[in-house]
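S.K.: Fold the following for me, if possible:
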Amino acid sequence: MHEQIQPMTTTPARAIRGEVTVPGDKSISHRSIMLGSIANGTTTITNFLRGEDNFATMAAFRAMGVSIEDDGQTVIVRGAGLRGLQEPGDVLDCGNSGTTMRLMTGLLSGQRFFSVLTGDQYLRKRPMKRITEPLARMGAQIQGRGNGTLAPLAISGTQLQGIAYQSPIASAQVKSALMLAGLYADGTTAVTEPTLSRDHSERMLRYFGANLETAGSTVTLQGGQELQGREICVPGDISSAAFLLVAALIVPGSELLIRNVGVNPTRTGVIDILQAMGGDIVLQNQRELSGEPVADLLVRSSRLKGIEISGEVVPRAIDEFPAICVAATLAEGTTILRDARELRVKETDRIAAMAANLRLIGAGAIEETEDGMIIDGVASLSGGTVTSFGDHRIAMSLSIAALASQAAVSVDDVSCVATSFPGFYELLGRVAVR
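M.R.: Numbers count the residues shown, from 1 in each chain. Prediction:
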């Protein structure tokens, strides 16, 4: 997906100031297309994230006969109903999107047709056993490279049976894949996680009229439920807001208001962590939008201190750790991150990538551990040249670090940023005072 290499140099800032909105939430945008496509009637989506990952999901459902119109403002999905998808005439390309591939694998396992999912060179390296194994227990017929553990995945749709599954990891993608499969299964599907992962799928399934039960970290769903199309306004993505939160915290003299951000409690780990480090972040105008909690975030520059990050907060901030690592690098004292082994199997090994890159731009001592890192804070960074490893969150995090460095930071390739935050660098240019 990212053939064009785009280097980007970001210079230090004197302050971060202004009022901004961030693009729509990527997770919710994916799910709005998926559920809208298998619902009865029309789903209308505003503030949809027009990033490459979400376009991959949109293209996949169009290839299965769903009418999806996008005029640049509003996306209109004319649902095909639970059993209305058609066999695609070609392989479905998920691009760089793990969400597309994992959730679609669940959804496609219960169809009455054959399909194949592939992705770019990075996605084809990401682990798929975590979904193919429990789906196989439901009766799914999935083949893939590495004995079904790597994409491409070939799915022969079949009649599924509900199961009770104890997931070894807290993963919204695993849980969502099994719930989508559960819609097509006979009987009841229940997923129990070690700790609760993000619950966008549960919220949206309810919003579309499904009846599901949650108790602790277990969600239970009856098969065969029909969904009804809805109007969805997608809140701003807290994972995108995280970069701006960190930028305003680490650059002295900053004050930034980020409007309309999703503050789903399964996603606000980044706010909890940054506040625990001493970050001045205030939630204003809290409300609900399309079944999701939303607020405006007011953030002011703060003297951060190192903390220990472990346990249940980790899955609630899993995508934000590249940005949190930047905050930790400039915090007073030592930050210890544990229980974050999941970071090693993201778009890249984010523990190794952040440790290596932060050292290149003048960070203090950084020790990698199997499931996290130990970061000694420094007063300032020196700047330098780093590599994104084709990972959008690595690229944006290092560009944020530049704002509080003594000299510019050049990232070798930022084309990957379009997967989640198109317009990121333009927005940064608007709020950075130089």
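S.K.: switch to C-alpha atoms for all contacts and neighbour counts from now on
M.R.: Fine.
S.K.: ok, the nearest residue to F113 once chain neighbours are set aside - how many residues close by?
M.R.: Nearest non-adjacent residue to F113, counting by Cα to Cα, 6 or more residues apart in numbering: G157, 5.1 Å away. Neighbours of G157 under the rule other Cα atoms under 10 Å: 21.
S.K.: so what's G157 up against?
M.R.: Each residue near G157 by Cα atoms under 8 Å, 6 or more residues apart in numbering is listed here: 108-115, 140-141.
S.K.: Name the member of the residues you listed with the most neighbours.
M.R.: Tallying neighbours with other Cα under 10 Å puts S109 at the head of the contacts of G157, with 33 neighbours.
S.K.: Which residue is the nearest non-sequential neighbour of that one?
M.R.: Spatial nearest neighbour of S109, excluding adjacent residues (Cα to Cα, 6+ apart): G157 at 4.8 Å.
S.K.: ok, now how distant is the one you found from M64?
M.R.: 14 Å (Cα to Cα, to the nearest Å).
S.K.: can you check S37 too?
M.R.: Taken as Cα to Cα, the span from S37 to M64 is 10 Å.
S.K.: go on, S382?
M.R.: The gap separating S382 from M64 is 51 Å, by Cα to Cα.
S.K.: Same question for R430.
M.R.: Look at R430 and M64: by Cα to Cα, they are 40 Å apart.
S.K.: More neighbours: the two, which one.
M.R.: Using other Cα under 10 Å as the criterion, R430 and M64 rank with M64 on top: 19 against 13.
S.K.: Quick one: residues contacting that one.
M.R.: Taking Cα under 8 Å, 6+ apart as the criterion, M64 is in contact with 85-88.
S.K.: need the contact list for I318.
M.R.: 340, 342-343.
S.K.: What's the ChimeraX line that selects buried ones from those residues?
M.R.: To isolate the buried subset of these in ChimeraX, counting by 16 or more other Cα atoms under 10 Å, use the following:
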select :340,342,343
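S.K.: Make JSON lines out of the contacts of I318 and add secondary structure, pLDDT and distance to P7.
M.R.: As requested, the contacts of I318 are arranged in JSON lines below (DSSP: H, G, I helix; E, B strand; the rest coil; pLDDT from 0 to 100; distance: Cα to Cα, whole Å):
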{"residue": "A340", "secondary structure": "coil", "pLDDT": "94", "distance to P7": "29"}
{"residue": "E342", "secondary structure": "helix", "pLDDT": "89", "distance to P7": "28"}
{"residue": "L343", "secondary structure": "helix", "pLDDT": "91", "distance to P7": "24"}
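S.K.: hang on, I400 is in a helix, isn't it?
M.R.: Yes. According to DSSP: H, G, I helix; E, B strand; the rest coil, I400 belongs to a helix.
S.K.: please begin residue numbering at 58 from this point
M.R.: Understood, numbering begins at 58; the last thing we discussed is I457.
S.K.: How many residues are close by it?
M.R.: Neighbours of I457 under the rule other Cα under 10 Å: 27.
S.K.: distance of it from Q223?
M.R.: Relative to Q223, and taking Cα to Cα, I457 is found at 38 Å.
S.K.: which residues does I431 bridge with?
M.R.: I393, E424 (DSSP bridges).
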